[in-house]
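>>> just to be clear, the model below is a prediction. Sequence and coordinates:
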Amino acid sequence: MAFDRKAHGLGIHLRRFLALSLGILCCSSLALAQNQQPESAPPAESGGTPQQSSASISGTVVDSSGGVVAGARAKLTYGDPPASQELLTDSDGHFSFANVPPGLFQLTITAEGFATQTVTGIVRAGESNSVPQVTLAVATAVTEVRVGATQVEIAEAEIKQEEQQRVLGFIPNFYVSYVPNAAPLVPKQKFELAWKTYIDPVTLVLTAGSAGLQQAQNSFGGYGQGAQGYGKRLGASYGDLLTGTFFSGAVFPALLKQDPRYFYKGTGSFRSRLFYAVANAVICKGDNGRWQLNYSGILGSLASGAVSNAYYPPNDRGASLLFEGEAMGIGTAAVANIFQEFVVKKFTPSASHHDPSKP
């Protein structure tokens with residue numbers, strides 16, 4: 001069917017089969033709302049559980065003249081869902097946290113009459129991390145300093161968190177960042193994320209199920225029926241999955257220095273969030289942090305569609321179908337983004353608990 005061929009141009013394969021998960025979401029949302037038991041909230045403050053590979057973080061707080069600041073409140077936040085430790089600096093302005101799990105951490109220093117200072121970094125297993133001297137200024141601005149890790153290391157830690165995101169606990173949702181100022185990905189990380197998505201068992205099962213639906217509806221009738229017809233449809237589906245994932249999620253983003261992920265907004269009015277979600281079907285964030293036309297997604301979908309002309313039946317090929325599919329793909333991506341912005345996070349148990357409105 002021409003309609004199915006047009007639907008090929010969705011870019012990143014996750015958005016292409018998100019429609020499948022939307023049906024699951026709609027059917028199960030009421031049941032989940034009624035039956036799902038609330039998770040036990042983690043303690044607001046936790047002294048940390050000693051672990052074999054735990055680390056420690058220490059430092060000193062001073063004012064702009066170099067004098068120590070005693071009694072400043074130091075709050076260390078880590079993990080997802082987040083846990084925290086809090087303490088006051090001693091008479092020498094010193095603080096020290098023990099039993100800290102390895103990974104990303106955020107240290108927030110507050111004191112009356114001083115501006116809040118935030119330090120973000122990565123601590124490794126068994127490491128005793130001494131952060132640079134924290135200087136508090138008498139100002140209203142909030143200062144954020146990243147220490148102890150390179151941009152590549154921070155991006156890698158954020159990717160690991162994204163790879164835990166699954167809608168309803170099993171449908172992969174790796175191409176969404178709930179950290180608005182996430183570190184840019186280097187080319188190697190873009191390919192790693194594409195590969196992780198491509199080989200995910202749930203992705204493969206959903207792709208095989210899509211081929212089964214095509215068989216039942218006799219889509220791409222040139223493939224015929226029976227085991228041979230299903231095999232051809234299955235091969236075409238996996239071909240679309242491969243080219244769509246890597247062209248739109250790795251190859252062109254690496255060449256054009258663009259980020260293939262959707263950055264969750266989560267704040268603002270309904271109208272502003274709706275406009276943001278729709279606009280992200282044609283724009284993306286560059287590796288330089290600036291918004292720009294999503295050349296990588298558009299070219300990736302066109303390239304994937306062009307390659308598919310080699311294995312689709314003759315009646316389902318052609319330049320017109322290719323460009324119609326691209327237009328349809330942009331529209332579908334806009335709908336998928338709207339669901340990402342307003343619905344999907346609620347059904348993603350492992351989504352980051354980061355509040356975009358807070359630093």
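That came through fine. Just so it is clear, the structure is predicted and the values come from calculations on it, not from any experiment. Numbers count the residues shown, from 1 in each chain.
>>> so what secondary structure elements neighbour whichever strand or helix holds residue 335?
Secondary structure assignment for residue 335, by DSSP states H and E: helix 319-342. On a contact count with 3 or more C-beta pairs under 8 Å, 6 or more residues apart in numbering; DSSP states H and E, helix 319-342 meets helix 2-6, helix 13-35, helix 270-279, helix 295-308. For every residue, glycine as well, the C-beta is placed using N, CA and C.
>>> what helices or strands is the last one leaning on?
In terms of contacts (3+ C-beta pairs under 8 Å, 6+ apart), helix 295-308 is packed against helix 226-246, helix 252-256, helix 319-342.
>>> average model confidence for that helix?
Mean per-residue pLDDT for helix 295-308: 92.
>>> quick one, that helix and helix 226-246 angle?
For helix 295-308 against helix 226-246, the angle by axes from the mean of the first three to the mean of the last three C-alpha atoms, to 10 degrees is 150 degrees.
>>> contact partners of helix 295-308?
With C-beta atoms under 8 Å, 6 or more residues apart in numbering as the test, helix 295-308 has contacts from 8-12, 236, 239-240, 243-244, 247-249, 251-253, 255-256, 258, 260, 282, 284, 322-323, 325-326, 329-330, 333.
>>> residue ranges for the strands of the stretch 51-200 of the chain, please.
For the stretch 51-200 of the chain, strands defined by DSSP state E, counting those that start in this stretch occupy the ranges 55-63, 73-78, 83-88, 94-100, 103-110, 117-123, 128-130, 134-136, 143-147, 166-167, 171-172, 176-177.
>>> how about these, which one is nearest residue 212?
strand 171-172 (17.2 Å; C-beta to C-beta).
>>> what's the spacing between the residue lying closest to residue 88 once chain neighbours are set aside and residue 115?
Nearest non-adjacent residue to residue 88, counting by C-beta to C-beta, 6 or more residues apart in numbering: residue 71, 5.3 Å away. From residue 71 across to residue 115, the span is 16 Å (C-beta to C-beta, to the nearest Å).
>>> what residues sit buried inside stretch 312-329?
For stretch 312-329, burial by neighbour count (16 or more other C-beta atoms under 10 Å) applies to 312, 316, 317, 321, 322, 324, 325, 326, 328, 329.
>>> likewise stretch 336-348?
Buried-residue list, stretch 336-348, by 16+ other C-beta under 10 Å: 336, 337, 338, 339, 340, 341, 344, 345, 347, 348.
>>> need the CA coordinates for it. PDB is fine.
Output of stretch 336-348 as PDB, limited to C-alpha atoms (Å, rounded to 0.1, in the frame of the first residue of the first chain):
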ATOM      1  CA  ALA A 336       5.300  12.000  18.700                       C
ATOM      2  CA  ASN A 337       7.000  15.000  20.200                       C
ATOM      3  CA  ILE A 338       3.700  16.200  21.600                       C
ATOM      4  CA  PHE A 339       3.200  12.900  23.300                       C
ATOM      5  CA  GLN A 340       6.800  13.100  24.500                       C
ATOM      6  CA  GLU A 341       6.200  16.500  26.000                       C
ATOM      7  CA  PHE A 342       2.900  15.800  27.700                       C
ATOM      8  CA  VAL A 343       2.400  12.100  28.100                       C
ATOM      9  CA  VAL A 344       5.300   9.700  27.800                       C
ATOM     10  CA  LYS A 345       7.300  10.800  30.800                       C
ATOM     11  CA  LYS A 346       4.400   9.900  33.100                       C
ATOM     12  CA  PHE A 347       4.600   6.300  31.800                       C
ATOM     13  CA  THR A 348       8.400   6.100  32.000                       C
END
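>>> mind checking the pLDDT average for that stretch?
For stretch 336-348, mean pLDDT is 92.
>>> also stretch 100-114?
Mean predicted lDDT for stretch 100-114 stands at 90.
>>> stretch 161-181 too?
What stretch 161-181 shows for mean pLDDT is 90.
>>> same check, this time on stretch 138-155
Computed over stretch 138-155, the mean pLDDT rounds to 69.
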